[in-house]
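J.: Pasted the sequence and its predicted model underneath.
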Amino acid sequence: MTESNIDLTRDEEHHKNDHPISSREKIHAMLEEPMDIEALLNSLPDPEWADSALHKRILAMARDQQLVVEDKVVSRKEPSILITEKVMAKGGDLFVIYQGEKIILSERHAQGLFPNDEVVLRIPKEYKRDSIAVLVSINTASVKHLICVVKYRRNKPRLVPFDQRIKQAVVMKGKINYPDNTVLRVKRSPKQRSRRMIEVVEHEVLGDIYQPHLERLIAQDVHALASEWGQQANLDVNHASQPDIDQEATNRESWQHLPFVTIDGDDAKDYDDAVYAEKTESGYRLYVAIADVSHYVQPETELDLEARKRGNSVYLPGYVIPMLPEVLSNGACSLLPEVTRLAMGCVIDIDESGKRTNTRLAKVAIRSHARLTYEQVDRMLKGEESIPEWFSTPLSQVDALAKVLRQFRVAEGTIIIRSHETKFQFDPSGEVSGLTEVDRVWPHQLIEECMLCANMAVGQIMHDQHRPIIYRSHSEPTAEKVRQFQDYLSFHGIQLPDEPSPKDLQSVIDQTKEGPDSHAVEMMVLRTMSQAFYSASQVDHFALSTGYYTHFTSPIRRYVDLTVHRAICDWLDGKPAIESTAIDQIASDCSVFERAADEASWFAQAWLKAKWVEQYVGQQFKAKVVSITHFGMFVALLDQPVEGLVHISMLGKEYFSFNEETMSLQGQTSGQTYSLGQKVSVKLKTVDLSLQRVDFAVAQENY
């Protein structure tokens, strides 16, 4: 990354006149002890004509709680420190996270900043919520450009950034001579004259907003994702040929005789987990084999550093940005059928109730007997497809075991929410040709139960062996979120404790699962809970009602899993344990990378859905109300996996009021009420692809 020339510590007068005066940092550094203001001005290396501007700056520093000015004597407010952090954005705020504290940047000190910029801030040594963080410099401007679309309003063009975290106006020097919906890449100007706008210069024309695959480019840009591997694909990839693998297999415990299978989606390209189970006298024995990525990706190599920088694979509709090059992800590390593969093996003994009684880890070699899909296994279990003789008993055993594991988790207290996914079909040109909503069949959950069991078992055994690893952590819901959920539930006669357990939240889901608002309640449960994250120290997982839960089962696509495998290898090889402080930063970084990947995926899906449904503007649909706010209600179409907003002005000619407790909208004249789960007829009014916004109106004919 290049050093940024943008210096936002300079005041607006200075920018206008282009005269350098001493920065806040220089003034602050000068005040080793209190000084008379005249003495301070004389000590600074500025000409006399700058005294007025310097005086204003000193007063501004006093306003920002950096300095104290009393009786013309200037002193530092309190001891302060410099911190270097990456800028984040949410809900219109720019902020950094320092030692777990969220430090929001004031409008003044967010001037010209983009999300992901690395900045130097001065903060009080004893930071409080009302303290002000002062921007000292931008170390690296990781985002030096923006992708914007040209939109005309009242015949005047404006630039709308696709990164909706950016709230300032984007202003280009010179005249904009592009048609509506032209997509441009623009560069941030080296000098920013106002905190209320971002000045840019044209860099590149990317085309029209409707061209195929544009959403991929925008998602990568907005969320700072890595590109395809390209020429880096063969970095440090050694010992990945089949003869090398076969040779290494002779040094490992052989599981090649066990009838392992992989079960994945029909469009999966990499297979990093294989399962096998057998019945025992006391219950079951589960074998989980996970691709041994650590054998190929050695620490601190170029390949490892690039994988760490990526953090995880990113899955966009019809497109994957892999964490590892294809030679590994789809080749040597993938547990392909009928070939020898290196794996990390986990053997778990489970009693009849579903409780783990013993766990063993080993470096193994396996030979998957078949690559199966969820739908294929579902048909086998339903008797709709014949089962190969060699697989009949293992399938019945892993099926029975998964059901026992599920029952045990539910009894212990866990939150189980129904899930589904949208499948996108594309034509040869890359345009979306269809959308379907696919519910998860039981084999999805079967594999999920096996993987959850392995992750819990590995986390527990590594904790018992005092081996630091990264855990998947999940905090309890905040009191404010619980209160908001309680208000809605109390109207329906459902009580939720002030400090709900996972069982309490699952009980709410169970009580409402037959109601029209069941889906909305599940979404409220998700919004009530905190966001999961990675940590080397916090070990509790609220939603799973367990401790010491780790991610072990997907090292091809998650860097955290790779670090867990390395810790296991060190333990098995008798090597010293890594210090927990060494993996703290990896845990923090991977949490950020995961969030970026999720948001990129959500963006691309919303884009493609909006693009697909635009052809139906003016048509009427049956829908269900899934969320209600003071400004309208969100509806989901019943025959297509598309959601959109019915603005309150599109409900009819009368005034509608919002009731937060009942989560409903009621017309003051007619008494017409709209509530969660209610079915309505809607008409598609408009689609704004640049905002991925789909707007409906309530149709005259309702049901």
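T.: On my side now, so go ahead.
J.: Could you tell me the phi and psi values at Arg188?
T.: phi -70, psi 130 (degrees, to the nearest 10).
J.: what's across from it in the sheet?
T.: When bridges are taken as DSSP bridges, the partners of Arg188 come out as Val200.
J.: Quick check, it in contact with Glu202.
T.: No. Under the criterion of Cβ atoms under 8 Å, Arg188 makes no contact with Glu202, lying 12.0 Å away. In this view, the C-beta of every residue, glycine as well, is placed from N, C-alpha and C.
J.: which one of these two has more residues nearby?
T.: Arg188 (23 against 15; other Cβ atoms under 10 Å).
J.: Pull up the gap between the more buried one and Ala343, please.
T.: Counting by Cβ to Cβ, to the nearest Å, the gap from Arg188 to Ala343 is 47 Å.
J.: what do you get for Gln672?
T.: As for Gln672, its distance to Ala343 is 60 Å (criterion: Cβ to Cβ).
J.: what does Val398 give?
T.: Applying Cβ to Cβ, the value for Val398 to Ala343 is 17 Å.
J.: Which residue of these two possesses the greater neighbour count?
T.: Under the criterion of other Cβ under 10 Å, the comparison of Val398 against Ala343 puts Ala343 first, with 29 against 26.
J.: Assign Ile132 to helix, strand or coil.
T.: With DSSP: H, G, I helix; E, B strand; the rest coil as the basis, the three-state label of Ile132 is coil.
J.: no, scratch that, I was asking about Pro190
T.: Here Pro190 takes the coil state, with states given by three-state DSSP.
J.: if I look at it, how far off is Val205?
T.: When Pro190 is compared with Val205 (using Cβ to Cβ), they lie 22 Å apart.
J.: Could you check the pLDDT of the nearest residue to Ser43 once chain neighbours are set aside?
T.: With Cβ to Cβ, 6 or more residues apart in numbering as the criterion, Ser43 has its nearest non-adjacent residue at 5.7 Å, and that residue is Met30. The per-residue pLDDT reported for Met30 equals 78.
J.: same deal with Ala699?
T.: The predicted structure scores Ala699 at 90 on the pLDDT scale.
J.: Let the chain start at 689 from now.
T.: Yep, numbering from 689; the last one is Ala1387 now.
J.: I'd like to know how many residues surround it.
T.: Per other Cβ under 10 Å, the neighbour tally for Ala1387 reads 16.
J.: tell me the contacts of it?
T.: Counting by Cβ atoms under 8 Å, 6 or more residues apart in numbering, Ala1387 touches 1308, 1368-1371.
J.: Kindly give a single ChimeraX line that selects the buried subset of those residues.
T.: To isolate the buried ones among those in ChimeraX, judged by 16 or more other Cβ atoms under 10 Å, type:
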select :1368,1369,1370,1371
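J.: So which residues of the stretch 789-938 of the chain form helices?
T.: Listed in chain order, the helices of the stretch 789-938 of the chain (DSSP state H, counting those that start in this stretch) span 902-910, 930-937.
J.: among these, which is the most enclosed?
T.: Neighbour counts averaged per stretch over the helices of the stretch 789-938 of the chain are highest for helix 902-910, at a mean of 21; criterion: mean count of other Cβ atoms under 10 Å.
J.: How far off centre is it?
T.: Between the centre of helix 902-910 and the centre of its host chain there is 15 Å, according to Cα atoms, centre = their mean, to the nearest Å.
J.: list the helices and strands it packs on?
T.: Helices and strands touching helix 902-910, as assessed by 3 or more Cβ pairs under 8 Å, 6 or more residues apart in numbering; DSSP states H and E, comprise strand 833-841, strand 870-876, strand 885-896, strand 1002-1004, helix 1268-1301.
J.: I'd like to check the angle between the third one and helix 902-910, please.
T.: In terms of direction (axes from the mean of the first three to the mean of the last three Cα atoms, to 10 degrees), strand 885-896 departs from helix 902-910 by 150 degrees.
J.: Not counting its own residues, what contacts strand 885-896?
T.: With contacts defined as Cβ under 8 Å, 6+ apart, strand 885-896 is touched by 800, 833-836, 847, 854, 856-862, 866, 869-877, 879-881, 902, 905.
J.: just the strands in the stretch 1239-1388 of the chain please.
T.: In chain order, the stretch 1239-1388 of the chain shows strands spanning 1308-1317, 1320-1325, 1331-1335, 1344-1347, 1352-1355, 1361-1363, 1367-1376, 1381-1386, with DSSP state E, counting those that start in this stretch as the criterion.
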